[in-house]
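Novice: Any chance you could fold what I've pasted below:
(one chain, ligands or ions: 1)
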Amino acid sequence: MTLESIRYRAGSLQILNQLLLPHQTTYEEIHSVQDAYEAIKSMKVRGAPAIAIVGCLSLAVELRAGAGGDDPVTFIRESLCHLTSARPTAVNMGRAARELMEFAENESMEKNSEQLRESVISWIEDMLERDVNDNKKIGNYGAQHILSGVPRDSVTILTHCNTGSLATAGYGTALGVVRSLHTLGRLKRVYCTETRPYNQGSRLTAYEAVAEGIPATLITDSMAALTMREMNITAVVVGADRVVANGDTANKVGTYQLAISAKHHGIPFYVAAPSTSCDLSLESGRDIIIEVRPPEELTSINGIPIAAPGIEVWNPAFDVTPHQLITGGIITELGVFLPSELQAALTGRLTAL
Ligand SMILES: CSC[C@H]1O[C@H](OP(=O)(O)O)[C@H](O)[C@@H]1O
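Specialist: Numbering: from 1, shown residues only. Coordinates of the predicted model:
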């Protein structure tokens, strides 16, 4: 059973409220773009691909109800701009907004308002299937690449945050690689970090792994280096919120120190990301905006204070891993590439072997 973070049919959108997992499985209706903005901002729904998909599907729901009247292009533009502002680090929503806006403006040249709405809704609905297909390719490419270095034995993976069905339209990215290894019967174990302070690992990845019988062990973030030294980790595989032109990658905070530790222990470090999470318009990780979340998300859990009142807090939601530390490669739906090969791969000038 693969968890559904998103339930969609024409005119109706529900999201699984991930703030309540793993104790409550509650789906909430998304009636409007504003509902989606608030769900993304509050992290009821999260994960770079899922953010873009839910944001765009909320627009599809409003368009199906006739939103935008005689000027749907303006409504679409304003809606996409608002959705993109919800969380700045992941590129997927901004990229989808740019691509969808270009599509809508082209379509508006030859379609009336009603035809335009239908055409845009269809474009958006295609995102769901495309994301799952991309993730399954990522899973298979990543699994084959990791196994190429381990001809016979099973492998042990360490991963961070949640990059599974709860962060995407299904199957997942880094956790998709784990799923593919498990399906091939070649996964000995996956170690998942709890991923403070939102606890995507202990609440979401652990939930997905237990639900599917994937052999998994939860560790605290502070145990990661010791786990790499003691537990015969074959590879570290993480997701991405924004991979830029030189391969520098923004991902959940804590990823950078995992990459440093992997380098120290001689363990290959992979980033798993669909091309929709890549941003060639930025040259290096220095250009990526890092979202800083509210202090309360670090000083309390479920509203229960866990820190001394009055303490100052710094709560960046992401950090940037330099491409030099991504030693295993970047796993995409097009294949696995070194950071230095990424631009050529994404612009079609290089294909996977
Ligand atoms: C395939 S999800 C990518 C990425 O998104 C997560 O961030 P958040 O939970 O804050 O949305 C995390 O960085 C994942 O690796």
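
Novice: where does the nearest residue to Ser42 once chain neighbours are set aside land in three-state SS?
Specialist: Sequence neighbours aside, Leu19 is the residue nearest to Ser42 in space, at 7.0 Å (criterion: C-beta to C-beta, 6 or more residues apart in numbering). Heads up, the C-betas are built off the backbone N, CA and C, glycines and all. Assigned by DSSP: H, G, I helix; E, B strand; the rest coil, the conformation of Leu19 is coil.

Novice: do you know how far Leu19 is from the ligand?
Specialist: Distance, Leu19 to the ligand, by C-beta to the nearest ligand atom, to the nearest Å: 11 Å.

Novice: Surely that residue is in contact with Ala39?
Specialist: No. With contact defined as C-beta atoms under 8 Å, Leu19 does not reach Ala39; the gap is 9.6 Å.

Novice: Those residues of the stretch 51-200 of the chain touching the ligand, which are they?
Specialist: Listed as neighbours of the ligand in the stretch 51-200 of the chain under the rule C-beta under 6 Å from any ligand atom: 161, 163, 167-168, 173, 200.

Novice: Looking at those residues, spot the one nearest Leu100.
Specialist: Distance to Leu100, by C-beta to C-beta, is smallest for Thr168 among these, at 18.3 Å.

Novice: For burial, what's the neighbour tally of that closest one?
Specialist: Neighbours of Thr168 under the rule other C-beta atoms under 10 Å: 30.

Novice: mind saving the C-alpha coords of stretch 143-158 as PDB?
Specialist: Only the C-alpha atoms of stretch 143-158 are listed here, as PDB (Å, rounded to 0.1, in the frame of the first residue of the first chain):
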ATOM      1  CA  ALA A 143      19.100   1.300  -7.900                       C
ATOM      2  CA  GLN A 144      21.000   0.100 -10.900                       C
ATOM      3  CA  HIS A 145      23.700   2.600 -10.400                       C
ATOM      4  CA  ILE A 146      24.200   1.700  -6.700                       C
ATOM      5  CA  LEU A 147      24.000  -2.000  -7.500                       C
ATOM      6  CA  SER A 148      26.600  -1.700 -10.200                       C
ATOM      7  CA  GLY A 149      29.200  -1.200  -7.500                       C
ATOM      8  CA  VAL A 150      27.800  -4.200  -5.400                       C
ATOM      9  CA  PRO A 151      27.400  -7.100  -7.900                       C
ATOM     10  CA  ARG A 152      25.900  -9.600  -5.600                       C
ATOM     11  CA  ASP A 153      25.100  -8.500  -2.100                       C
ATOM     12  CA  SER A 154      22.300  -6.500  -0.700                       C
ATOM     13  CA  VAL A 155      22.900  -2.800   0.100                       C
ATOM     14  CA  THR A 156      22.300  -0.500   3.100                       C
ATOM     15  CA  ILE A 157      21.200   3.000   2.400                       C
ATOM     16  CA  LEU A 158      21.000   6.100   4.600                       C
END
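
Novice: Go ahead and name everything in contact with that stretch.
Specialist: 177-178, 180-181, 184-193, 224, 227-228, 231-237, 258, 267-268, 270, 328-329, 331, 336 (C-beta atoms under 8 Å, 6 or more residues apart in numbering).

Novice: how about it: buried residues?
Specialist: Using 16 or more other C-beta atoms under 10 Å as the test for burial, stretch 143-158 gives 143-147, 154-158.

Novice: Leu19 and Ala39: which has the busier surroundings?
Specialist: Between Leu19 and Ala39, Ala39 has the larger neighbour count (other C-beta under 10 Å), namely 24 against 16.

Novice: Skip the chain neighbours and tell me the closest residue to the more buried one.
Specialist: Leaving aside its sequence neighbours, Ala39 sits nearest to Val45 (C-beta to C-beta, 6+ apart; 5.0 Å).

Novice: so Ile6 touches Cys56, yeah?
Specialist: No. Taking contacts as C-beta under 8 Å, Ile6 lies outside contact range of Cys56: 10.9 Å.

Novice: If you count surrounding residues, which of these two has more?
Specialist: Between Ile6 and Cys56, Cys56 has the larger neighbour count (other C-beta under 10 Å), namely 27 against 22.

Novice: Name the residues of the helix or strand containing that one that are buried.
Specialist: Here Cys56 is covered by helix 48-64, with elements defined by DSSP states H and E. If you call a residue buried by 16+ other C-beta under 10 Å, then helix 48-64 has these buried ones: 48-63.
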